[in-house]
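Engineer: need a structure here:
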Amino acid sequence: MKILNTLLISSLILFMSGNSAAAGGDDEAAIKQTLARIIPGEAPDSIAATPVPGLYEVTYGSEILYITRDGRYLIQGDLVDLKERVNLTEEKRSEGRKAVFGAIDPETTVNFKPEKTRYVVYVFTDVDCPYCRKMHNRIADYEKLGMEIRYLAYPRSGLNTESYYKMLAVWCADDRQAAMTRAKSGARMKRVSCENPIEDHMAKASLVGLTGTPTLLLSDGTVIPGYVPPDQLIRILDERIAGIPSGLPMLVPLTDTPDH
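Structural biologist: Numbering: from 1, shown residues only. Here you go, the predicted structure:
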């Protein structure tokens with residue numbers, strides 16, 4: 001679950017209207033004190049001054065908010081440097097997503113690897129998601145272009161649901177690749193149990209701001225929310241990772257939103 005959803009922001013506003021940290025003194029300590037009261041049990045990953053005097057950046061994974069040094073005002077949104085034409089918030093989000101990318105253990109994912117890997121793409125997937133199935137139907141085409149697809153489990157219906165148990169059967173299988181293909185073809189999956197990374201994968205999905213499946217995570221921290229055909233995805237990777245411009249227009253990715 002995201003830390004900064006609409007209900008939480010509403011509670012922050014109500015809280016801050018009558019409970020602000022004292023101004024002056026140690027700014028970071030004052031901000032931590034305020035955050036500990038309004039978001040109990042969630043310590044920020046970092047607190048840093050922004051180029052705007054008196055405004056501090058607070059990060060929770062790839063989620064970012066801004067708060068004044070006295071803890072009175074909170075801003076949810078992007079901070080843009082108009083002179084340099086740089087979205088400072090998105091740069092910080094990308095740093096957090098890159099950290100998530102690097103922290104994923106490939107032993108916990110279902111991997112479809114080409115003979116020679118040019119790029120690795122992590123994909124949060126649901127075996128019952130139509131666009132996830134559409135993507136998987138072309139898995140050989142991704143491999144031919146040098147893309148290694150590493151699937152993470154994200155059952156949109158949640159834990160202990162039919163989709164969850166189907167994905168559990170995939171991760172418990174001796175041949176996960178074959179099991180993934182069977183599950184996404186609509187085959188009946190036997191209900192089994194084993195040690196699995198599904199809850200951890202779902203936690204990582206919240207860190208990258210997942211809104212639907214499939215969601216793609218690239219090594220530079222870019223998140224693409226939706227199905228992207230192989231020829232389109234390789235162009236994106238060439239541009240973002242290798243710096244090779246294509247000069248071609250981008251397509252709109254297709255995604256299925258979570259059921260909860």
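Engineer: Hmm, residue 104 and residue 200 touching each other?
Structural biologist: No. Contact criterion Cβ atoms under 8 Å: residue 200 and residue 104 do not qualify, at 9.2 Å. In short, each C-beta sits where N, CA and C put it, glycine included.
Engineer: which of the two has more neighbours?
Structural biologist: Set residue 200 next to residue 104 and count neighbours by other Cβ atoms under 10 Å: residue 104 wins out with 18 against 14.
Engineer: Would you mind giving the secondary structure of the nearest residue to residue 215 once chain neighbours are set aside?
Structural biologist: Nearest non-adjacent residue to residue 215, counting by Cβ to Cβ, 6 or more residues apart in numbering: residue 124, 4.4 Å away. Here residue 124 is recorded as strand under DSSP: H, G, I helix; E, B strand; the rest coil.
Engineer: what about the closest residue in space to residue 194 that isn't next to it in sequence, neighbour count?
Structural biologist: Nearest residue to residue 194, sequence neighbours excluded (Cβ to Cβ, 6+ apart): residue 172, at 3.9 Å. For residue 172, the count of nearby residues is 17 (other Cβ under 10 Å).
Engineer: Residue 172: what's it in contact with?
Structural biologist: Counting by Cβ atoms under 8 Å, 6 or more residues apart in numbering, residue 172 touches 192, 193, 194, 196.
Engineer: Equivalent analysis for residue 147, please.
Structural biologist: Residue 147 makes contact with 114, 117, 118, 119, 120, 121, 230, 233, 234, 237 under the criterion Cβ under 8 Å, 6+ apart.
Engineer: Give me the subset of those residues that lies in strands.
Structural biologist: Residues from the contacts of residue 147 lying in strands, with DSSP state E as the criterion: 119, 120, 121.
Engineer: Give me the distance between the residue lying closest to residue 192 once chain neighbours are set aside and residue 58.
Structural biologist: For residue 192, ignoring the flanking residues on the chain, the nearest one in space by Cβ to Cβ, 6+ apart is residue 172 at 4.8 Å. Residue 172 sits at a distance of 39 Å from residue 58 (criterion: Cβ to Cβ, to the nearest Å).
Engineer: Buried among the contacts of residue 172? Make that a PyMOL selection.
Structural biologist: Only the buried entries of the contacts of residue 172 go into this PyMOL selection, using 16 or more other Cβ atoms under 10 Å:
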select buried, resi 196
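Engineer: Out of the contacts of residue 172, the closest to residue 168 would be?
Structural biologist: Closest approach between these and residue 168, by Cβ to Cβ: residue 196, at 5.9 Å.
Engineer: Need the three-state assignment for the closest one.
Structural biologist: Following three-state DSSP, residue 196 is assigned to coil.
Engineer: how near is it to residue 170?
Structural biologist: From residue 196 over to residue 170 the distance is 9 Å, taken as Cβ to Cβ.
Engineer: any common contacting residues for those two?
Structural biologist: Taking Cβ under 8 Å, 6+ apart as the contact criterion, the residues that touch both residue 196 and residue 170 are residue 153.
Engineer: Bridge partners for the closest residue to residue 45 other than its chain neighbours, pull those for me.
Structural biologist: Closest residue to residue 45 apart from its sequence neighbours, by Cβ to Cβ, 6+ apart: residue 59 at 4.8 Å. Residues in a beta bridge with residue 59, per DSSP bridges, are residue 46, residue 64.
Engineer: show me what contacts residue 59?
Structural biologist: 44, 45, 46, 92, 96.
Engineer: Please produce JSON lines containing the residues you listed, extended by neighbour count.
Structural biologist: Converted to JSON lines, the contacts of residue 59 look like this (neighbours: other Cβ atoms under 10 Å):
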{"residue": "44", "neighbour count": "22"}
{"residue": "45", "neighbour count": "14"}
{"residue": "46", "neighbour count": "13"}
{"residue": "92", "neighbour count": "21"}
{"residue": "96", "neighbour count": "21"}
